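1. Fold the following and give me the result.
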Amino acid sequence: MDRLQAMRHFVTVVDCGSFSAAARQLRIGQPALSKSVALLEDRLGVRLIVRSTRSHSLTEAGQRFYDGARLALDEADAAEAAARDEARSLSGSLRLAAPPVYASQVMIPLLPEFQALHPDIRIELILDDRRVDLVEEGVDLALRTGALGDSSLLVRRIDQARRMLVASAGYVKARGMPADPDELRDHPIISFAGFETREAWTFVRDGIRKTALPADPVLRVNAAEGLRAAVLAGMGIAMVTNRMVGANLARGELVPLLPDCALGTTDIWVIFPEGRRVRPRARLFADWLAGAVAGLG
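-> Residues are numbered from 1 along each chain as shown. Alright, predicted model coming up:
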């Protein structure tokens, strides 16, 4: 028997929910499909599916085999696409999701380089701070920052941003700047939901760790672009990353505070959709972006 074909028949039955629906999708007769799955069970020596007149359910062994077969088929499809149709696989549309600030300050300025290298790839960019459902919204890959709650995701770390405190040049001229983390209580703080953990406010100076939680913020925002806009407007001090405000620092619009204190880092990840074959052009983009941001320092 053709092992790969039998695995595909079995997986399709599970995905479609019935032998009849799977037979229609595979464009084969239902008796032939039932025989293929039965031969697979005979070869394995275990029952994979418990059948009834109107439905079926997976056995414990069937569920384990499905998980492994699904992964094997995805890898086989990816290998075939790469070997058989490499040129076409590196053309077409690529749907990306990314946080607005990271995209506008880091990724988008780099995109002309990617476009020049791969002019046949068209990019559709979704800018949103929320965690987009990749499968539901048809996203090929997404960028996310910070800790990842779901360990089952197919991820790759591509960048690391350094946390820091900043204020506008006008604010520093009017209010001065703190000389010690404890002095933050004397300054208005603009708070970002992504940096409200105790760990984020732990400073390291000369090898000594100190946690200095500021007073209640004068403004709390849930989007990084709002945080950047508020600190540029002179509303107070904000914790940001160097990736969020690099251009503003270079132009002198923002001033780094407590530069001798380290505040740790925030990871930036590429995430691929779970349970779906990763397109070669999505992997290509992830490889390119990782190399491009590594050159930023």
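2. Identify the residue nearest residue 212 in space, chain neighbours excluded?
-> Setting aside the residues directly before and after it, residue 212 is nearest to residue 181 in space (C-beta to C-beta, 6 or more residues apart in numbering), at 3.5 Å. Yep, even glycine has a C-beta here, placed from its N, CA and C like the rest.
3. Model confidence for that neighbour, exactly?
-> The confidence metric pLDDT takes the value 91 at residue 181.
4. which ones are touching it?
-> Residues in contact with residue 181 (C-beta atoms under 8 Å, 6 or more residues apart in numbering) are 203, 210, 212, 258, 261.
5. Confirm that residue 129 lies within a helix, as I assumed.
-> No. Counting by DSSP: H, G, I helix; E, B strand; the rest coil, residue 129 is not found in a helix; it is coil.
6. How many residues are close by the nearest residue to it once chain neighbours are set aside?
-> Of all residues not flanking residue 129 in the chain, residue 223 sits nearest, at 4.7 Å (C-beta to C-beta, 6+ apart). Residues within reach of residue 223, counting by other C-beta atoms under 10 Å, total 17.
7. show me where the chain has strands.
-> According to DSSP state E, the chain carries its strands in the segments 49-51, 56-58, 92-98, 121-127, 141-145, 154-168, 189-192, 202-205, 208-211, 219-221, 237-241, 254-257, 265-272.
8. coming back round to it: what's the spacing between the residue nearest to residue 212 and residue 165?
-> Using C-beta to C-beta, to the nearest Å, we find residue 181 at a distance of 9 Å from residue 165.
9. Now list whatever residues contact both of the two.
-> Shared contacts of residue 181 and residue 165, defined by C-beta under 8 Å, 6+ apart, are found at residue 258.
10. Would you mind listing where the stretch 151-297 of the chain has pLDDT under the threshold?
-> Where the stretch 151-297 of the chain drops to pLDDT under 70, the residues are 151-153, 196, 198, 275-277, 297.
11. Quick check: residue 190 touching residue 229?
-> No. Contact criterion C-beta atoms under 8 Å: residue 190 and residue 229 do not qualify, at 9.6 Å.
12. check contacts around the residue nearest to residue 163 when sequence neighbours are not counted.
-> Spatial nearest neighbour of residue 163, chain neighbours left out: residue 263 (4.0 Å); criterion: C-beta to C-beta, 6+ apart. Residues in contact with residue 263, defined by C-beta under 8 Å, 6+ apart, are 162-165, 200-204, 239.
13. Give the buried subset of those residues as a PyMOL selection command.
-> In PyMOL, a selection of the buried entries from those looks like this (16 or more other C-beta atoms under 10 Å):
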select buried, resi 163+164+165+200+201+202+203+239
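14. Out of the contacts of residue 263, flag the one nearest to residue 123.
-> Nearest to residue 123 among the contacts of residue 263, counting by C-beta to C-beta, is residue 162 at 27.5 Å.
15. measure the closest one to residue 41 for me?
-> According to C-beta to C-beta, residue 162 stands 56 Å off from residue 41.
16. With residue 96 instead?
-> 42 Å.
17. Burial check on the nearest residue to residue 29 once chain neighbours are set aside, number of neighbours?
-> Leaving out its chain neighbours, the residue that sits closest to residue 29 by C-beta to C-beta, 6+ apart is residue 23, at 6.3 Å. By the criterion of other C-beta under 10 Å, residue 23 has 20 neighbours.
18. which residues touch residue 23?
-> By C-beta under 8 Å, 6+ apart, the residues touching residue 23 are 29-30, 32-33.
19. Just the buried ones from the residues you listed?
-> Among the contacts of residue 23, those classed as buried by 16+ other C-beta under 10 Å are residue 33.
20. Make sure residue 185 is actually in contact with residue 214.
-> Yes. Using C-beta under 8 Å, residue 185 is in contact with residue 214, at 6.0 Å.
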